[in-house]
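Enquirer: Just to be clear, the model below is a prediction. Sequence and coordinates:
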Number of protein chains: 2
Amino acid sequence: MSRENLHDTVLETAARKDGDLNQRVVEIGRRIFELSDRYQPRVWQKAWWLERTTRMMDGDPRLRTRAFQFVDCLPALRTNSDIARHLREYLDPHFVELPRGAYALIGDGFLHGARDEVIGLLTRRGARGMAGRFITGFDTPSVVRTLRRLRSCGMAFTLDVLGEFTTSYAQADRYVHSYHDLIDRLTPITRSWSFVPGIDRDDRGPMPRLNLSIKLTSLDPHFDSIDPDRSIREVSRRLRPLLLHARQAGAFVNIDMESSKYHDLTLELFKRVLSEPEFRDWPDVGIVLQAYMKKGEAALADLLAWAEGRGTRFAVRLVKGAYWDAETAAAVRNNHEPPVWTQKWETDACYERMARAMLEHARLIRPAFASHNVRSLAVVCAVAEGLDLPAGAYEVQMLYGMGDPLKHAMVEMGRCVRVYCPYGDLMPGMGYLIRRLLENTSNEGFLKQSFEDRSGRDSLLADPASVRPPSAPLPARRYSNTCPEGPMPAFRNATNTSFASADNRRKMIGAIQYVRGEMGRKYPLIINGHPVSTDNWFVSHNPSNPGESVGQIALATPADADQAVAAACKAFHSWRLTRAKERAALLRKLADRLGMRRFELAATMILEVGKPWREADADVSEAIDHCRYYAEQIEWIESRPRRRNMPGEDNLLSYGPKGVCAVISPWAFPLAILTGMTTAPLAAGNTVVIKPARQASVLAAKFVEIIHDLGFPPGVVNFLPGDGDVVGTHLVEHGEVHVVAFTGSAAVGTQVIQCGAQVRPGQGFIKKMIVEMGGKNAIIVDDDADLDAAVSAIIESAFAFAGQKCSSCSRVIALDAVHDGLANRLKEAVESVVLGPAEEPSTTVGPVIDAEARDRINRYVETGRHEGRLLVQARLPAHCDRGYFAAPVVFTDVDPAARIAQEEIFGPVVAMLREESFERALEIANGTRYALTGGVFSRSPDHIDQARRGFAVGNLYINRRITGSQVDAQPFGGFKLSGTGVKAGSPDYLLHFMDARCITENTLRSGLVPNEREHLETT
Amino acid sequence: MSRENLHDTVLETAARKDGDLNQRVVEIGRRIFELSDRYQPRVWQKAWWLERTTRMMDGDPRLRTRAFQFVDCLPALRTNSDIARHLREYLDPHFVELPRGAYALIGDGFLHGARDEVIGLLTRRGARGMAGRFITGFDTPSVVRTLRRLRSCGMAFTLDVLGEFTTSYAQADRYVHSYHDLIDRLTPITRSWSFVPGIDRDDRGPMPRLNLSIKLTSLDPHFDSIDPDRSIREVSRRLRPLLLHARQAGAFVNIDMESSKYHDLTLELFKRVLSEPEFRDWPDVGIVLQAYMKKGEAALADLLAWAEGRGTRFAVRLVKGAYWDAETAAAVRNNHEPPVWTQKWETDACYERMARAMLEHARLIRPAFASHNVRSLAVVCAVAEGLDLPAGAYEVQMLYGMGDPLKHAMVEMGRCVRVYCPYGDLMPGMGYLIRRLLENTSNEGFLKQSFEDRSGRDSLLADPASVRPPSAPLPARRYSNTCPEGPMPAFRNATNTSFASADNRRKMIGAIQYVRGEMGRKYPLIINGHPVSTDNWFVSHNPSNPGESVGQIALATPADADQAVAAACKAFHSWRLTRAKERAALLRKLADRLGMRRFELAATMILEVGKPWREADADVSEAIDHCRYYAEQIEWIESRPRRRNMPGEDNLLSYGPKGVCAVISPWAFPLAILTGMTTAPLAAGNTVVIKPARQASVLAAKFVEIIHDLGFPPGVVNFLPGDGDVVGTHLVEHGEVHVVAFTGSAAVGTQVIQCGAQVRPGQGFIKKMIVEMGGKNAIIVDDDADLDAAVSAIIESAFAFAGQKCSSCSRVIALDAVHDGLANRLKEAVESVVLGPAEEPSTTVGPVIDAEARDRINRYVETGRHEGRLLVQARLPAHCDRGYFAAPVVFTDVDPAARIAQEEIFGPVVAMLREESFERALEIANGTRYALTGGVFSRSPDHIDQARRGFAVGNLYINRRITGSQVDAQPFGGFKLSGTGVKAGSPDYLLHFMDARCITENTLRSGLVPNEREHLETT
């Protein structure tokens, strides 16, 4: 016979042997089922509570989790009303959908105001019934009754004092004491019992009647493998006297096995203590091995080797393992290899292998097999049979309250059946109870499968290694695939008015007339929803015609500011609790209202700050965009918090408002920026005190008027026009102002930041400073630029609204090759701008804001005459004489270090610089303390790329004007001395007004991992 | 006949008429094709350049866009090397994939260093050929040659001076002048030409030979419908003399129609000027209507009504419209209804309806039909036939260089064909040229369709209204569905060491021995990659045994700090330009190295700061997590910037580093926080100066050593151990430090913030202050809590690392019902803690950091004795005498306002408070100036929910310990006086070290919208 043939024959024989064994397993299994069925009608009755509960939960894992969580906390509830309240909370229909009829089941009227007493009573009764099913008793007499009953059915027992894990030495002492007490009480009783052959004696002799199971984690609060010597020392300090006591009393002690982190330490301790001289020859001890441990077989081999050395037999109980959920959840959470098999069939197969090894070494150990799985038990019987072991050579163990027909069947088949009997208080035993309930309600549970559907029994008797259900990976960390900053639905910006429409032109002219008609109006402060008049008032003038007053505004004092902040503080407590949806709805109404009054608001801007038609109209559009954008954002942020859920642990990152926000807004975008800085904190749940720029106070007053008409609660928005030096400073310094949103010059902005950074006595937070400042924005014109496009972009960027935008262009850096051509075109273009009052529709350059601004600009123009060459200065037409006009001007041959090339002028003044290379032009562009906007006109992909990487500005524009950013599409804001790096109209903006909170919930309760169970214990 | 029948009959008749017409259209169309084909071989030859280009681009829209963009900028390129450079950039293989053979075509060797002269020459030649195909000439003689040729073929012409849109009056003046000049030069020449019957005379009499087309946007830089009166005044100021001149010279002037925003204004101006007495009776003028305008028919009706009133005929040219791409792109961008039909068939159908109306009113106007679409032309002919109009009653117009066979066919069919002849400089005419090229390379182009595939011609002759291709929506704004903060791939945290493994225990013991062996070492500063020794050194002690030195560390001076900052500044210039991938790779190597030296680093921590084994090990894990997390984050941020692309405009939001970051790290998490605060700025591209806590300097030195071994460039990480007051303050104040990352006490932190907020002279930015401070963290224990779980979480949260974590628990707020039970358990648990040197594996509470800390804690314990009742104080075992030990202590009956309930002690001291209700407990929990961590033990879903909403802390933990946050899963950081709201280990963290930049690129060039074309003009 060749080697191959020999090999084949060996395999064949093995297969035949396996086949024979499986054949025998099926026979025995069928016999077990048969016998069980006889006891079925008499014994197999689920408790009413359990049955109903089980059925109810079948369809809804969430309900199942909630119900178990409720059961878990039940023992801690003291009064009926506590119980009723918790039941209501756990079964809140917002979280779980109860099946039809469930309400009737759990007390019918509990949602209709049933009296707490009734609910409490029913719940307690249910709980008692449930606990009584799995727990032997709460005191010695009740336990003794149970044990007697078991013996009368021919069953032995092992007693387990409920409790796992301890937090103190005192608790450990009490636990040990309860075992000593048990031995003292039960020894005389058990001795008085009459002899039962199958259980009081095995194949080798008499067996102790009193049998105890004990958990080591209950014996030491620091039971930990990090220091095995210390742990063993501590534990054995309590264990040793107990073992001695038991030995003296003739009782048996089994050391239970718990979660995997104690596995090696438990075995080590067992071996060490039982090797000690006083215990070395004691046979009445036992240990547990778990088949779900990957290292289960190795542990068995190690134990058998030690047993050989010890020379005295002891018991080994083989279980499958009871902590699978928690083990796998921890493995996923802590990112380590699970110590347990992840497939049910792997555990079952391992159980069979270990069972065979134990039976084969019955001379060294007394094998005990704990299982409710007929296949597993049948394998044990068949293997023992094959080894010619007598029935008394091993024990079968099952849990109290589970698989009673199986127990009877095994007794009838002459096996020694020992019942695991927990005993004691429910509170420390909750982990045990929950594990039992989980098994009994799981669809994978063997008992449920085998007795509910008899037709499938044969498949339950199949070799697990031959079944191998498709491999399911471990439950992974769950990531929500959303984030607050994620892809929002497309945002639709408001549409600007088309002045190609004659109708719109008429409306605008009408609106200007209307606003002019209102010019006598007085505008009070608004604090806590009430208009507040003051002693002093100031007048807002039309810069196109300063003789014309646009309105009178109340001048706030620091005392008014204190009141406004107090009102905002008070309003915050309820405003922060409003739902995002509600706040968003108000902001959308605000957007609608701004849209409805678009022409009036634009007209007010035209007259109050001298903004030309089209830009005033765009200012309103941007304001509308802010309202809608932040409304959408806050709904998004609230509805899609970032989740990092893992088995047994939910993690959520969410955002909440900070408090009172002082809004110090500029006149340059008197509606858009004011609205943005106001609606963002409002959306986020903050309350607001508005200090508008003096020069745009009437417009701001109208804005606040609109807000109040919409039904924002009083105090949520307060209006505090006045002097920046007085009221603005007071707000920035105020110890109750949490956020300062400021837009203005760098000079003031840096002071604001410095001032706000001080933590004043009693101020319990760091102020958030959201500060946007100026720019010295450059447009680079490359040598391949489209000069027509460049010229028109420069004209628009530099001179629209008379250059009074923080985004305005004030430097042009031209490459040599195009410098002169560009300068010529620019000169001609400047000579062609239309200067005039803002209300004239054709005006492209209106007035500057006030006399001070005009004078400052004129001083810069004087400076420019010394620092460069005046290329062109537009001619002021005669009808501009009345207003504050500054003629657009361009200087060439300006040194990059010149004042007019470095300082923000905030007027229609452009310094033109000449550079040789694009690289150098970029350097010069970056060579100021600002970094707000910048532009490049180039048709060189490489140069455009260089600018993308190296042009240090918050908003870079390529081949277009550098003003007119749109909400969402072009988040606006700069860095360096241009700002704090906050981008208005961006997905991040709202977050600056909020605090992030991470909420971690441990969802594991008594070993229950919500919705993550995939495996089972001891079945 | 009933009404219904009558109606049916009318419909039938209409249908029959339509059928008849379509029949006739097909006949005429076939005839046109037939005649065209005869001219095909002779005339229909695409220019070589165009044909090749077209073919090359067929497959790749990106290449097509790039090629057109190159063509667009070509006229601006002055030298051969400019041309060569641009060609290389536009056809960079990184962006476009050139088809096989293309390299040969565009000069073969241009990527292999062909000489720029060759490339320039070939490109110019190609461009000349291309331009010459569509542009009549660049000077009078060349134009006259072309016009003669056309007349010899029987074709008339209209001359168009290239140029649209002007930026100045001077430019407008030059444009008008060129027309005057043209009239002056051509009038004598055209008069000298011999009479051609079909074109010099129509059905009513002679026609002007000189025919000019003019664009109004070239006549005024402010041509704008916002002020129609002014625009008309300005434009007619230039137009009127031109019209007079033309009339005197007997020339014809046509006013062209441009983009929709000028539509109404152009018509209005036409009507006004042509109603003026001097022009009212002049017939030799024309206007254009566009069939793609939705209001095209209404405009025609209005014009016809006006024509009736005027009483003198004038010409109307019907086109389809040439700005469809730009019109629809703007509509999408600006969120308004497109003024043009969005479906090609709608335009075609509208053209036919308008053509019929024009022909029906030929008594009022002279109709001209501009199209290269055979169906459209056939419809015109068929309708005219049906109306019995003579062939001379209307004109057919086509573009120079397009559809020549068609022109010949129409001439042969006796129609008057007028060719639109652009003339002049290419630069202003680029928009025109690009439009022509787009048509000729579009797959929808009629010409291409009809002459490349003859079999499909009949379908081209079908009624467009019957074809109606499936409606395609307008190109929408494109949003990338990614965001930097979006769902990252699952992050896998590092796995802690399992000390259940004997091997690992041995390794740790070995590492402690190893580190102890190194204790004599000296650690210098590291500046710019070089070790720097100093005059003064300080010793780091083992707090478990202060007699033991852990190492000597160089003491930095402010001068050293200046050098370190200078080195970091210098290194920043190149480090910021490294790719994120590269930086991430280094950080991952760092993570690996930390993992490899895990035991040594943990051992160093054990000996230097007295951190027990398991926590020291977790500290290393967290450090590793930071490296990997920020590496992943920066790759994510760089690779997935947020896009908001719209037709014609790309918007991108991206992030770049800020500069030099000072890292002032604490000793509490001496590796984890140091690593986090260092790797985040490094990942972001910043450079770093590390000022570690004195007490953890040796560990920090080892960390920096590892970094330098890995090949980080010199200066990127500098190491500056020393005194916080001296070196720390100096760094915070430094004018070149952009970011300060500080973790420490609130007292120091607020000073740091205040100090950093000052903008010092010459400092060109606002400092970013990332400050994390302390906590006074509370755990609330509800009346239904699992007390065992609560006790063990409290013990761990309050006493691990001797309470020296900013996240440590220092307050326990227990509800009445559980207070005493909890206190008892807590007392027992505290009595059971294992106090000892950190290096003992079983130690659960080690020493505090130094004598100062011990004394401070002891003072607080004294305070506590007065403020509350001492519940328990652990007993210090004898072997703790040598070290800085503070025994864990719990006080009960503490008032919420007491110092020990309000101040951060940073030691193992717990104040226990009693409250009646959960609401009140929450209030008390929130009642400090801190908001870092907090915990709740409760099994009431409602209370948990309340805490989720109302517990004001950065990290809230439910039913678990409140320390031990994990990177990514639990972003860490608080607000109020606990920090600036920055969350370490969060998706936002890196962004705090970066500046956001929004880059907007106008991608529209000369009307070309990249990849968005879906419609065509004039075909």
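Expert: Now that the structure is in, tell me what you want to look at. Residues are numbered from 1 along each chain as shown, chains lettered A, B, ... in the order given.
Enquirer: Would you map the strands across the stretch 151-300 of chain A?
Expert: A:155-161, A:201-202, A:205-206, A:211-214, A:252-255, A:285-290 (DSSP state E, counting those that start in this stretch).
Enquirer: avg pLDDT for the fifth one?
Expert: By that I understand strand A:252-255. For strand A:252-255, mean pLDDT is 98.
Enquirer: Would you mind giving the secondary structure of the spatially most central residue of chain A?
Expert: Nearest to the mean C-alpha position of chain A, by CA atoms, centre = their mean, lies residue A:652 at 1.0 Å. For residue A:652, the secondary-structure state derived from DSSP: H, G, I helix; E, B strand; the rest coil is strand.
Enquirer: quick one: it and residue A:640 touch, right?
Expert: No. Counting by CB atoms under 8 Å, residue A:652 sits too far from residue A:640 to count as a contact (10.7 Å). All C-beta spots, glycine's among them, are computed from the backbone N, C-alpha and C.
Enquirer: is stretch A:652-669 anywhere near chain B?
Expert: Yes. Stretch A:652-669 reaches chain B (CB under 8 Å from any CB of the partner chain) through A:653, A:656, A:658.
Enquirer: Just give me the closest of the residues you listed to residue A:624.
Expert: Using CB to CB, residue A:658 comes nearest to residue A:624 of the residues of stretch A:652-669 next to chain B, at 25.4 Å.
Enquirer: So what does that closest one look like in phi/psi?
Expert: Per-residue torsions, residue A:658: phi -100, psi -40 (degrees, to the nearest 10).
Enquirer: Chain neighbours aside, what residue packs nearest to it?
Expert: Using CB to CB, 6 or more residues apart in numbering or on different chains and skipping residues adjacent in sequence, the residue nearest residue A:658 is residue A:738, 4.3 Å away.
Enquirer: How about the contacts made by the one you found?
Expert: A:658-661, A:686, A:765, A:767-768 (CB atoms under 8 Å, 6 or more residues apart in numbering or on different chains).
Enquirer: any idea how far it lies from residue A:767?
Expert: Residue A:738 is 6 Å from residue A:767, where distance means CB to CB, to the nearest Å.
Enquirer: Over to residue A:799?
Expert: 37 Å.
Enquirer: which of the residues of stretch A:652-669 next to chain B has the most neighbours?
Expert: residue A:658 (25 neighbours; other CB atoms under 10 Å in any protein chain shown).
Enquirer: got a list of what that one touches?
Expert: Counting by CB under 8 Å, 6+ apart, residue A:658 touches A:684, A:686, A:738-739, A:765, A:768, A:993-995, B:975.
Enquirer: can you do 6 Å?
Expert: Residues near residue A:658 by CB atoms under 6 Å, 6 or more residues apart in numbering or on different chains: A:686, A:738-739, A:995.
Enquirer: okay, stretch A:289-305 in CSV with CA atoms only?
Expert: Taking C-alpha atoms only, stretch A:289-305 is exported to CSV below (Å, rounded to 0.1, in the frame of the first residue of the first chain):
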residue,chain,number,x,y,z
LEU,A,289,-13.6,26.3,31.1
GLN,A,290,-15.3,28.2,28.3
ALA,A,291,-15.6,26.7,24.8
TYR,A,292,-16.1,30.2,23.3
MET,A,293,-12.6,31.2,24.2
LYS,A,294,-10.2,30.8,21.3
LYS,A,295,-7.7,29.5,23.8
GLY,A,296,-10.2,27.1,25.5
GLU,A,297,-8.5,24.0,24.2
ALA,A,298,-5.0,25.2,25.2
ALA,A,299,-6.3,26.1,28.7
LEU,A,300,-7.7,22.6,29.0
ALA,A,301,-4.5,21.0,27.9
ASP,A,302,-2.6,23.1,30.5
LEU,A,303,-5.1,22.2,33.2
LEU,A,304,-4.9,18.5,32.4
ALA,A,305,-1.1,18.6,32.6
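Enquirer: How about it and chain B, any contact?
Expert: No. Remark: stretch A:289-305 sits outside contact range of chain B, by CB under 6 Å from any CB of the partner chain, the gap being at least 11.3 Å.
Enquirer: Which residues outside that stretch are in contact with it?
Expert: Here stretch A:289-305 has contacts from A:257, A:318-321, A:340-341, A:347, A:350-351, A:354, A:357, A:361, A:364, using CB under 6 Å, 6+ apart.
Enquirer: for stretch A:521-536, same thing?
Expert: A:551-556, A:560, A:563-564, A:567, A:701, A:704, A:714-715, A:718-720.
Enquirer: Just the buried residues out of these, in ChimeraX syntax.
Expert: Isolation of the buried members of these (16 or more other CB atoms under 10 Å in any protein chain shown) is achieved in ChimeraX through the command below:
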select /A:551,552,553,554,555,556,560,563,564,567,701,704,715,718,719,720
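Enquirer: Mind checking which of the contacts of stretch A:521-536 land in strands?
Expert: Using DSSP state E, the subset of the contacts of stretch A:521-536 located in strands is A:551-554, A:718-719.
Enquirer: nearest to chain B, of those residues?
Expert: Set against chain B, the nearest of these by CB to the nearest CB is residue A:718 (23.2 Å).
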